[in-house]
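Chemist: For reference, the sequence and a predicted model appear below.
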Amino acid sequence: MAAIEPHAQLRRSFVYRKLRDLGARFETVNSGAVAIDFGKAAAEMETANLLGLADLSPLPRTGFKGAGAVEWLQSQGLQIGAESNRGYRQPGGELALRLAPSEIFLIDSLAGSGALIERLNQAWSWGSEKPRKLIGYPMPRADSHAWFALSGRAAPEMFAKICGIDLRLDKFEGGRIAQTSIAKMSGIILRQDQGATPVFHLLADSASADYLWEALLDAMAEFGGAPVGLSALRGLA
Amino acid sequence: MKIMNCPLNGPRNISEFVWGGEVKEMPSGPEVSPRDWAGYVFIENNIAGVVREWWCHVPTSFWFIAERNTVSDEVIRTYPASEVFNRRVEFAAPAKGETK
Amino acid sequence: MTSMVETGGVNRLPDSFGRLIDRKRRVAFSFEGREIEGFAGDTIAAALAANDQWVLSRSFKYRRPRGILTMAGQDSNTLVQIGAEPNVLADRRIIEPALGVMGQNYDGSLEADRGNVIELFGRFLPVGFYYKTFYKRGSWKFWEKIIRGRAGLGKVDLAAHHGYFDKQYLFADVAVVGGGPAGLSAALQAAEAGAEVILIDEWPALGGSLCYARLGREGDAAFNLAEKLAAQVKAKGNIHVLSDATCTGWFADNWLAIVKGSRFYKLRARSVVMATGSLEQPAVFRNNDLPGVMQGTAAQRLIRLYGVRPGRKAVVLAANDDAYGVALDLGDAGCEVQAVVDLREQVPETAMVHATRGRGVPILAGYAVTEAIPGTAKLGILGAAAARIAREGETDGAAAVFECDLLCMSTGYSPAGQILHHAGTKFTYDHAANMFQPAILPPHVFAAGSVNGTYAMEAVLAEGRRIGWAAAQDAGFARGTEPPAVTGDRGSFGQTHAWPIFPHKAGKDFVDFDEDLQVKDLVNGIADGYDDIELLKRYSTVGMGPSQGRHSAVAAVRVLAKETATDLATLSVTTQRPPYVPEKFGHLAGRVFEPERHTAMHHRHHELGARMMVAGLWYRPAFYGKPEDRDQAIREEVQAVRSNVGLIDVSTLGGLDIRGPDAAEFLNRLYTFTYAKQPVGRSRYVLMCDQTGAIIDDGVACRIHDEHFYVTATTSGVDGVYRLMLQWNAQWRLDVDVANVTAAYAGVNIAGPRAREVLAKVCHDVDLGPEAFPYMGVRLGSVAGIPARLLRVGFVGELGYEIHAPASQGEALWDALMAAGGTAGIRPFGVEAQRVLRLEKGHIIIGQDTDGLTHPFEADMAWAIAKNKAYFMGGRSIAIQTARPLTRKLVGFTLEDPSAPVPEECHLTVRNGEITGRVTSAVRSPTLDRVIGLAYVAPDQAAEGANFDIKIAGGRLIKGRVVKLPFYDPETKRQEM
């Protein structure tokens, strides 16, 4: 796919200037401009295995919460387990994060087709039944939260500098979620490895994305961590 | 740092929480005397012993109730608010023409 | 003798000594401007001692020369200054090339301090000096200059650059503090049982006392044991060793603070083993503080760890077997031991004693050192006087003087129980062992080794294993077999003398080296009535110096017990609090995480030259232009909105989606107005009061669907409002969902007579006409292809549209509107202009024009209070308050004298010298060309046209006149165009 300007789309990453200044190449995924790489594919793969930071903010995501939300999503074909603070993988690679008994945060697979998310966003409506059947309410998750992925074996130790949760690989297994304080802001951490490489998805206040990006890079520096493009992350699988 | 066990998120550093006051019943209706109302609004019982308190896990904005011993600062039990508040609360409409 | 360069100093011992130094790497640094050479691994104090430099600093009060006391970083004698860094422990800081080290607390030079003359006036500095002096009027004026000149330790460099400090969490099943024999065996056993262990040790090499002391063993046996245990620990995959790391405090639920270099660790452990050892205690006699007088263990550390001979001729003051190990080590190091002066009447004939005797060293049993004989300028000692003990603390008969330059004190220990103290451990005095010992340990906290009163090496190792097991079990691990309990003699008897204190009639018998406190100071303090240890501490300052009583607390409490004829077992040492050793502010601050929130258009504002201001965590444009053009820029921005069209970023406004069958009922309960009958497609003002009736927030509620309100809240209020909503609904259990969507929506307000014309260029799916989309209307549509919620609201009092759109597209929205407004001359405006515009319209800002007590009637907002609701938050309080007369009222005002200065916020409104209220907002209106403002005044001054006085800066009174609101466009036609 052809490289584009990071602001070519109406939807822009919350940190696109930082990515551009670091030499990122952008490609359109769905309707957003994603930093696909930084022009060093092989080195980025290596970094992603050690400690990489990827901005996935332009990829599709959505959420539903409130009475009836989970049941409705299940009726729409989503596979959601009973336990809260767990991420449930969908057949298409999407991840349904159960943040609370009646709250789901849905993030797309790294392919970013947005098919499932688009379908659900379209399917939700107030309806015309009286009394109305409760099916939860949509949440603007593509806009409320920035989406970063931290990959690599040094990620838990890096997180220990900014977050009080024990994320060591043998203590925080794949699929687990921590909603906690990260560099003094609230955020959601989901572990979902790519192949053999640990990957932690980080979802946090979009308005603080500039700040969080810098805080992460600062914490990563001592481990040799660096930003990587989406293609490096995809390549881990 | 103290650990608080959030019924939704599990044990966490207490810095992730805010305190929301003692759990107390609100007297309702215009017949409540100013004195009783002021007592509800301004006075925390603050007994030496086990109190029921509101706590909120800030990253998830999840409110729950903790039973805490104010003498030892030991948190004895935490549970969702629905254990105590399990029915919809209604307020009686004021009588016609009544003005507060 | 070989040259100094080859040996690393005149006092450097042969290769067989010095476990922590690397003789292949020489390191040159400077002390007091003089070049010194040591070896890699040397501490500053070790390298200086190797080069015969024994004076390290001066004492705080009397400026007495001070030198090595512990070689363990436990005292303040070794505090030195390195560049901008004061109070560095010279006996812990490892030397580096070109390090510039200076002594502290002197005028002139370290070795010839002019300030030392104060010692001659010591009797004018009695205990409780501050208490006795400063209650007299004028005395501070006399003393201030002297005290300010001498107070404080070291020099602070205000221009010092900031270092890089950070923090990290650590997690363990079992944390072991202390890498001595007890800690090592505890860590090993806990790891055997299956626990993940973190072992924290202050030193570069594991082993603790095994690395330098004999501990009753021959030759290198102790050290060999250290190496064996350390190797076993390193071989364990589930033990993580933190060396050169100091645990500075225990906090609730086994949360340990650990300093290592410039990193501050926060370790959470399920269980903790404290194997912190014990601290050797100095004896008290005249001149016990001078360079050359040190603890036996300090001499052993110099010899074994750094390969430095601690003196040429020595006397050992003894009260335990370890003292004889010191005597033997000194002999091995080529130091001539003149005598062992043993406080004990009966000296047990142990192997060590026997060996000492065998070397021809005289042993004086039942003797005490009565004073150290000072050398020139007290820079060292020339000898030690010893005399026969007559009774406790007293000697008689002629003193024998032994020539020596080193006097080692080995008279007893005290548990290094500070961190156990933090955890709430109770210590009691054991008369058999003459020591305080931990009596009751809190849950999940364990103690092993000499901190627990266990000294005999076999018992220490066994107790380490036993406690390591217990800690692992407490943390939920129990693999393998449980080690047996430790029974029998644990070796605590005979380690510590009951009364190693020999006051001298001429004084300078120091109990506290940090604070230069002599025995008589404590005696006098007690005589002054401060006969509780906590009172005595504060009155005399004993234990309040940098070493926090590590060497003075026990002696002080002994003196107290004696003076008050109290049983020591009923007393305790003063409460110990974190930190155990000083922590730098840099450690506590770490990386200083200060989140910032940026709107989607943040970078556009910068590109347009905006000056930003902070609102909570948010950054907002204050105005666009250079700082020096501020007033002009604000005026032009105001004029653009009034006469043309302006664009402001309102993304920081709070946004809440309230959805569900009970949405309207929910708002009815939380806000003062009524919402049940609000039509879809309309917005309505919302005012929130707390339960006391005070105004806490406002905004608008937009009804998007019968069951959906989009409610705005103030920038700084929304998080609190959201939390409050959730807390109330946790009790009411209404069928409603509350979502804080503040960050999800970017927002702009396009305002001014030409707003519709500009918006129409990019908004095609909403009829913007005044009838189709009237004032207070709400529409869903799209702007430049971006989905948007459009609100007609009128904060600035002109035709305007607030457009809320997805944050990820906020920048594109801004760009589209700026482009669409290009030909019309659209102008971005900031918060400052908005504040002027809203004041012209008489709108209040919550938190600026209201305070924590303002109720709606005071703010003239009775119109926003519903009359017939069953309940709303604060309603009962408002009803009670409004039944009473008002005490103040918020009014609009202008100034009688048009040339009078603009009052500032919080200037008082006064009447006959009494305060009636204050100005909350005031500005010279560019539109009306006069001063306008809001102020609280007395209710009887609130009528239109009434005059009141405003006391402005400098005390001048200016006349305000009450004006009906709004100041601008009183018919409110412009916003409804």
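Modeler: Looks like it came in fine. Residues are numbered from 1 along each chain as shown, chains lettered A, B, ... in the order given.

Chemist: Dead centre of chain C: give me the residue that sits there.
Modeler: C:L588 (4.8 Å; Cα atoms, centre = their mean).

Chemist: Report pLDDT for that residue.
Modeler: Looking at C:L588, its pLDDT is 92.

Chemist: Tell me if the helix or strand harbouring it is near chain A.
Modeler: In the assignment (DSSP states H and E), C:L588 maps to helix C:585-589. No. Contact of helix C:585-589 with chain A (Cβ under 8 Å from any Cβ of the partner chain) is absent, the minimum separation being 12.5 Å. No exception for glycine: its C-beta is placed from N, CA and C like everyone else's.

Chemist: Name the surrounding residues that touch that helix.
Modeler: Contact with helix C:585-589 is made by C:162-163, C:165, C:167, C:259, C:262-264, as judged by Cβ atoms under 8 Å, 6 or more residues apart in numbering or on different chains.

Chemist: Low-confidence regions, the stretch 801-950 of chain C specifically.
Modeler: The stretch 801-950 of chain C contains no residues with pLDDT under 70.

Chemist: no wait, chain A
Modeler: Scanning chain A for pLDDT under 70 picks out A:1.

Chemist: Tell me how many other residues crowd C:W143.
Modeler: Neighbour count for C:W143, taken as other Cβ atoms under 10 Å in any protein chain shown: 14.

Chemist: do C:V766 as well
Modeler: Neighbour tally, C:V766, other Cβ under 10 Å: 19.

Chemist: Quickly find the element holding the nearest residue to it once chain neighbours are set aside.
Modeler: Closest residue in space to C:V766, ignoring its immediate chain neighbours: C:G781 at 3.7 Å, by Cβ to Cβ, 6 or more residues apart in numbering or on different chains. Assessed by DSSP H and E, C:G781 sits inside strand C:778-783.

Chemist: Who are the packing partners of that strand?
Modeler: strand C:695-705, strand C:786-791, helix C:810-820 (3 or more Cβ pairs under 8 Å, 6 or more residues apart in numbering or on different chains; DSSP states H and E).

Chemist: Burial check on A:D193, number of neighbours?
Modeler: Using other Cβ under 10 Å, A:D193 has 16 neighbouring residues.

Chemist: Does it touch A:V199 like I think?
Modeler: Yes. In this structure, A:D193 is within contact of A:V199 by Cβ atoms under 8 Å, at 5.4 Å.

Chemist: for chain B, what are the nearby residues on the stretch 251-400 of chain C?
Modeler: For the stretch 251-400 of chain C, the residues in contact with chain B (Cβ under 8 Å from any Cβ) are C:251-253, C:255, C:266, C:268.

Chemist: which one of the helices and strands packed on strand C:778-783 lies closest to chain A?
Modeler: helix C:810-820 (4.3 Å; Cβ to the nearest Cβ).

Chemist: The closest residue to C:S185 other than its chain neighbours and C:A186: what is the separation?
Modeler: Nearest residue to C:S185, sequence neighbours excluded (Cβ to Cβ, 6+ apart): C:G464, at 3.1 Å. According to Cβ to Cβ, to the nearest Å, C:G464 stands 4 Å off from C:A186.

Chemist: Now for these two: what residues contact both?
Modeler: The contact lists of C:G464 and C:A186 share C:275, C:448, where a contact means Cβ under 8 Å, 6+ apart.

Chemist: Those two - which one has more neighbours?
Modeler: Comparing C:G464 with C:A186 by neighbour count (other Cβ under 10 Å), the higher total belongs to C:A186, at 35 against 32.

Chemist: could you say which helix or strand contains that one?
Modeler: helix C:181-192.

Chemist: what sits up against the helix or strand following that helix?
Modeler: On the C-terminal side of helix C:181-192, the nearest following helix or strand under DSSP H and E is strand C:197-200. For strand C:197-200, contacts defined as Cβ under 8 Å, 6+ apart pick out C:170, C:172-179, C:183-184, C:187, C:190-191, C:206, C:233, C:236, C:238-242, C:245-247, C:256, C:258, C:267, C:269.

Chemist: List the contacts of A:A41.
Modeler: A:229, A:231-232, A:235.

Chemist: no no, C:P546
Modeler: C:76, C:79, C:87, C:153, C:514, C:582.

Chemist: Model confidence at it, what's the number?
Modeler: According to the model, C:P546 carries a pLDDT of 89.

Chemist: Name the nearest residue to residue 81, sequence neighbours excluded.
Modeler: Unless you meant another one, I'm taking chain A. A:Y88 (5.4 Å).

Chemist: if you could check chain C rather than the one you did, that'd help
Modeler: Spatial nearest neighbour of C:Q81, chain neighbours left out: C:M102 (4.6 Å); criterion: Cβ to Cβ, 6+ apart.

Chemist: who's in contact with that neighbour?
Modeler: C:31-32, C:80-82.

Chemist: what do you get if the cut-off is 10 Å, keeping everything else the same?
Modeler: C:30-33, C:57, C:80-83, C:86, C:88, C:110, C:154-155 (Cβ atoms under 10 Å, 6 or more residues apart in numbering or on different chains).

Chemist: who wins for neighbours among the residues you listed?
Modeler: C:S57 (27 neighbours).

Chemist: For whichever residue of chain B sits closest to chain A, give me the backbone phi and psi.
Modeler: Of all residues in chain B, B:P59 sits closest to chain A, at 3.9 Å by Cβ to the nearest Cβ. When read as degrees, to the nearest 10, the backbone of B:P59 gives phi -60, psi -30.

Chemist: Any idea which helix or strand in chain B has the lowest mean pLDDT?
Modeler: Using mean pLDDT, DSSP states H and E, the weakest-scoring helix or strand in chain B turns out to be helix B:34-42, at a mean of 94.

Chemist: From A:S151, how far out is the residue nearest to C:Q81?
Modeler: Taken as Cβ to Cβ, the span from C:M102 to A:S151 is 49 Å.

Chemist: wait, is C:G488 part of a strand?
Modeler: No. Read with DSSP: H, G, I helix; E, B strand; the rest coil, C:G488 is coil and lies in no strand.

Chemist: Run through the residues that contact it.
Modeler: By Cβ under 10 Å, 6+ apart, the contact set of C:G488 is C:456, C:458-459.

Chemist: any idea how far chain A is from it?
Modeler: Noted for C:G488: a distance of 41 Å to chain A, by Cβ to the nearest Cβ, to the nearest Å.

Chemist: which residues do A:D193 and A:V199 both contact?
Modeler: Counting by Cβ under 10 Å, 6+ apart, the shared contacts of A:D193 and A:V199 are A:151, A:174, A:236-237.

Chemist: closest to chain C among those?
Modeler: A:G174 (18.6 Å).

Chemist: For that closest one, grab phi and psi.
Modeler: A:G174 adopts backbone torsions of phi -50, psi 140, taken as degrees, to the nearest 10.

Chemist: ok, how many other residues are close to it?
Modeler: 13.

Chemist: Confirm for me that C:M601 is in contact with C:I803.
Modeler: No. Counting by Cβ atoms under 10 Å, C:M601 stays clear of C:I803, with 12.0 Å between them.

Chemist: shared neighbours, those two?
Modeler: Counting by Cβ under 10 Å, 6+ apart, the common neighbours of C:M601 and C:I803 are C:647, C:746-748, C:810, C:813-814.

Chemist: Export those residues as JSON lines, with columns for neighbour count and distance to C:A713.
Modeler: Converted to JSON lines, the shared contacts of C:M601 and C:I803 look like this (neighbours: other Cβ atoms under 10 Å in any protein chain shown; distance: Cβ to Cβ, whole Å):
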{"residue": "C:L647", "neighbour count": "26", "distance to C:A713": "22"}
{"residue": "C:A746", "neighbour count": "29", "distance to C:A713": "16"}
{"residue": "C:G747", "neighbour count": "26", "distance to C:A713": "12"}
{"residue": "C:V748", "neighbour count": "26", "distance to C:A713": "18"}
{"residue": "C:G810", "neighbour count": "29", "distance to C:A713": "19"}
{"residue": "C:L813", "neighbour count": "27", "distance to C:A713": "21"}
{"residue": "C:W814", "neighbour count": "25", "distance to C:A713": "22"}
